[in-house]
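K.L.:
could you work out the structure for the sequence below:
(one chain, ligands or ions: 1)
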Amino acid sequence: MKKIISILIIGIIIIILIICLFKKERTNMNIENSNINNKSLVLYFSATNNTKQIAKYISEITSSDILEIIPKDAYTNEDLDYNNNNSRANREQNDKNARPEILNKLDLENYDIIYLGYPIWWEEEPRIILTLLDNYNLENKTIIPFCTSGGSGIELSVSNIRNYNDKLNVLDGKRFSPNSSKEEVITWINSLNINNNSNSKSAKLLINNKEYSITLEDNETVDALINNMPLNLSMNNLNGNEFYSYLDFTLPTNSYNPGKINKGDIYLYGNNCLVIFYESFNTSYSYTKIGKLDDVEVLDNIKSKNNIIVSLKIN
Ligand SMILES: Cc1cc2nc3c(=O)[nH]c(=O)nc-3n(C[C@H](O)[C@H](O)[C@H](O)COP(=O)(O)O)c2cc1C
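P.N.:
Numbers count the residues shown, from 1 in each chain. Purely as a prediction, here's the structure:
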């Protein structure tokens with residue numbers, strides 16, 4: 001009898017263990033899937049739906065999630081009357097400290113890229129965008145601003161956002177007219193050369209014979225680079241922030257100004273200069289993104305060297 005009870009107990013324990021393992025496996029799968037699906041987000045404020053339409057296009061083109069910043073007090077037509085000095089929107093824009101409340105809780109944590117959209121009000125971003133920056137930590141994300149306006153550019157609002165928090169990585173962004181077509185938005189998205197929600201490839205980088213993994217972008221520059229791997233390079237130290245080497249072949253380019261270079265980023269400068277950055281800084285130059293080192297700490301050990309021997313090979 002005792003034997004039967006022991007066997008029964010062991011059997012139950014084994015069944016419970018199998019159920020737990022199965023559950024864990026499923027949880028991991030969900031986390032992985034959600035990471036892939038949720039990498040980029042279109043986050044926008046729109047008072048009269050012009051920016052909302054562009055936001056929808058971006059979300060469709062990039063397969064990004066989309067989320068509206070909803071003001072606690074909705075803007076009425078009267079509130080938006082820019083001919084009236086005393087209208088709510090005009091009062092807010094005249095008051096640098098105005099921070100209109102946001103109604104909804106924004107779940108932004110899982111996103112690496114945020115397309116941030118808003119209308120231009122008196123040449124600037126509506127103050128509710130600063131409420132967003134006050135309440136949510138967008139550091140470590142790439143912010144790609146876009147706006148609609150009657151004619152004013154996006155530049156002042158982008159520089160306002162950068163100055164508001166210099167730890168943010170904010171690209172130059174793009175202004176659209178209220179009736180811009182989806183094709184115009186596609187052209188802009190393609191010019192960004194951003195890896196939206198796609199499965200990235202990985203490769204190995206050997207620096208002075210030690211192996212490190214890198215995550216590659218999904219673009220035709222990387223495809224052409226992979227065709228030339230394995231690649232052996234002697235890279236020179238420059239400007240206290242990068243190692244560079246000229247390749248003896250050229251690659252297709254799709255360069256843009258990334259705004260901020262992050263430590264560990266790998267870029268192509270021009271059509272044949274490979275650069276590994278070992279410091280973060282703001283740049284005014286344009287590059288084509290190649291990828292990034294997964295473990296950037298390694299760079300601290302080599303940044304004082306005059307040159308390094310690097311091999312690049314696909315996994
Ligand atoms: C209070 C207010 C101020 C505005 N200021 C400007 C401006 O300085 N320059 C401009 O080109 N358009 C300006 N506009 C027009 C809006 O930028 C434009 O209509 C925009 O597409 C509205 O976007 P939405 O529908 O997403 O709110 C202003 C609109 C409002 C309501």
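K.L.:
give the buried residues for stretch 226-234.
P.N.:
231, 233 (16 or more other Cβ atoms under 10 Å). The way it works is simple: take the backbone N, C-alpha and C, and place the C-beta from them, glycine included.
K.L.:
can you give me the end-to-end span of it?
P.N.:
Stretch 226-234 has an end-to-end distance of 18 Å (criterion: Cα to Cα, to the nearest Å).
K.L.:
and the chain, which residues reach the ligand?
P.N.:
By Cβ under 6 Å from any ligand atom, the residues of the chain that approach the ligand are 46-52, 80, 82, 89-90, 119-123, 148-152, 178.
K.L.:
just the buried subset of the residues you listed, please.
P.N.:
Buried, going by 16+ other Cβ under 10 Å: 46-47, 50-52, 80, 89-90, 119-121, 148-149, 152, out of these.
K.L.:
which pair of those residues spans the longest distance?
P.N.:
The largest separation in these, counting by Cβ to Cβ, is between 52 and 90 at 21.9 Å.
K.L.:
which secondary structure element is home to the nearest residue to residue 306 once chain neighbours are set aside?
P.N.:
With Cβ to Cβ, 6 or more residues apart in numbering as the criterion, residue 306 has its nearest non-adjacent residue at 5.4 Å, and that residue is residue 237. Assigned by DSSP states H and E, residue 237 falls within strand 231-238.
K.L.:
could you say what helices and strands that strand packs with?
P.N.:
strand 242-246, strand 273-277, strand 307-314 (3 or more Cβ pairs under 8 Å, 6 or more residues apart in numbering; DSSP states H and E).
K.L.:
the same query, at a cut-off of 7 Å, please.
P.N.:
Judged by 3 or more Cβ pairs under 7 Å, 6 or more residues apart in numbering; DSSP states H and E, strand 231-238 is in contact with strand 242-246, strand 307-314.
K.L.:
roughly how far is it from the heart of the chain?
P.N.:
28 Å (Cα atoms, centre = their mean, to the nearest Å).
K.L.:
check stretch 287-304 too.
P.N.:
18 Å.
K.L.:
got it, and stretch 231-244?
P.N.:
Chain-centre distance of stretch 231-244: 25 Å, with Cα atoms, centre = their mean.
K.L.:
first to last residue in that stretch, what's the distance?
P.N.:
14 Å.
K.L.:
mind listing what's buried in that stretch?
P.N.:
231, 233, 235, 237, 241-244.
K.L.:
put together JSON lines for those, with pLDDT on each row.
P.N.:
Putting the buried residues of stretch 231-244 into JSON lines (pLDDT from 0 to 100) gives the following:
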{"residue": "231", "pLDDT": "93"}
{"residue": "233", "pLDDT": "95"}
{"residue": "235", "pLDDT": "96"}
{"residue": "237", "pLDDT": "97"}
{"residue": "241", "pLDDT": "96"}
{"residue": "242", "pLDDT": "97"}
{"residue": "243", "pLDDT": "97"}
{"residue": "244", "pLDDT": "98"}
